[in-house]
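> fold the following for me, if possible:
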Amino acid sequence: MSEKPKKEIPGYIMYINGGLAGMMGACITQPLDLVKTRMQISATTGEYKSSFDCIAKIFKGEGILAFYNGLSAGLMRQATYTTARMGFYQIEVDSYIKSYGGKPPVWASMGMGVLAGVVGAMVGNPAEVALIRMMSDNRLPPAERRNYKHVGDAFVRIVKDEGVTALWRGCLPTVGRAMVVNMVQLASYSQLKNYFSQYVSGLGLHISAAMMSGLLTTIASMPLDMAKTRIQNQKTGEYKGTMDVLLKVFKNEGFFALWKGFTPYLCRVGPHTVFAFTFLEQLTKGYKKYVLGDTSESNI
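Numbering: from 1, shown residues only. You can find the predicted model right below:
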């Protein structure tokens, strides 16, 4: 008798699981994301001496709840950007395995990561703009603050005051950053997971692969993330584009300013990578086991 073909996870479930995993991770790492953003925006003013100084000043001047400013936009970003990129990447990997009968090599994983990044960035850019503005608002003088109530209010007011295209401000650097992030993060996670599977399995495998992936992603994407943050937060048209930001920062602030906020960024990307991939693996595993009756390892 021939083997009964395994049931497959529907495409929409892959998107849902990707978004849920990202949102769950964002709830944990939102304070670190806020510190990273504040450090990047205030690099020229010297407002914060270090990440710890930034944390202390926010806590003293704004209160502990300020670390969750922009959480609604952060969750919206995960619901759009992460849903699109994670779901699209999983579908790409499954399609490759069906076509070629094996897991994708490094070059294929990197290419699929780039495509997933482009799709995710285009979908998630409006939430990204709202998130950056909401997290940086409290450091502005009261007269200059935007005071968005939540992400929906931010969308409405941005469209009303600046036009719908303002929701995609900084889209090019966002896409560029997403291409680098996903090329490194998704591809390295897949490859590291395959490599570490010789030595560890289960939850330990997912965490160890995600930790290394988070470090590599931070190093590669930090300059583009900094450029994206400054462009999306600007009011006066100070920067013309990504390269203009990078050149001005390099010239006026020094080479290492391109990695300003590295520590909170690593502390945010590292744990978020770990939590997001671990949650995604468990959600996928749970669906396969309890809905499809399949106990095999996921293809992420």
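
> backbone dihedrals for residue 8, please?
With angles defined as degrees, to the nearest 10, residue 8 sits at phi -110, psi 150.

> from residue 269, how far out is residue 68?
Distance, residue 68 to residue 269, using Cβ to Cβ, to the nearest Å: 18 Å. For glycine as for every other residue, the C-beta is placed from the backbone atoms N, C-alpha and C.

> oops, could you answer that again for residue 253 instead?
Going from residue 253 to residue 269 by Cβ to Cβ gives 22 Å.

> ok, back up a step: so which of residue 68 and residue 269 has more stuff around it?
Neighbour totals were compared for residue 68 and residue 269, and residue 269 leads with 27 against 14 (other Cβ atoms under 10 Å).

> secondary structure element holding that one?
helix 262-290 (DSSP states H and E).

> and that helix, what does it pack against?
Judged by 3 or more Cβ pairs under 8 Å, 6 or more residues apart in numbering; DSSP states H and E, the packing partners of helix 262-290 are helix 11-41, helix 51-62, helix 83-100, helix 171-196, helix 202-233.

> closest one to residue 142 among those helices?
Closest approach to residue 142 among the helices and strands packed on helix 262-290 is made by helix 51-62 (12.8 Å; Cβ to Cβ).

> okay, the angle between the helix or strand hosting residue 114 and helix 11-41?
When elements are assigned from DSSP H and E, residue 114 belongs to helix 106-136. Using axes from the mean of the first three to the mean of the last three Cα atoms, to 10 degrees, the direction of helix 106-136 lies 60 degrees away from that of helix 11-41.

> which other helices and strands does helix 106-136 contact?
Judged by 3+ Cβ pairs under 8 Å, 6+ apart, the packing partners of helix 106-136 are helix 11-41, helix 71-77, helix 83-100, helix 151-162, helix 171-196, helix 202-233.

> picking that back up, adding mean pLDDT, distance to residue 282 and mean neighbour count, write the helices and strands packed on helix 262-290 out as TSV.
Formatted as TSV, the helices and strands packed on helix 262-290 follow (pLDDT from 0 to 100; distance: least, Cβ to Cβ, whole Å; neighbours: other Cβ atoms under 10 Å):
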stretch	mean pLDDT	distance to residue 282	mean neighbour count
helix 11-41	87	8	22
helix 51-62	91	30	15
helix 83-100	88	14	19
helix 171-196	86	14	22
helix 202-233	85	8	21
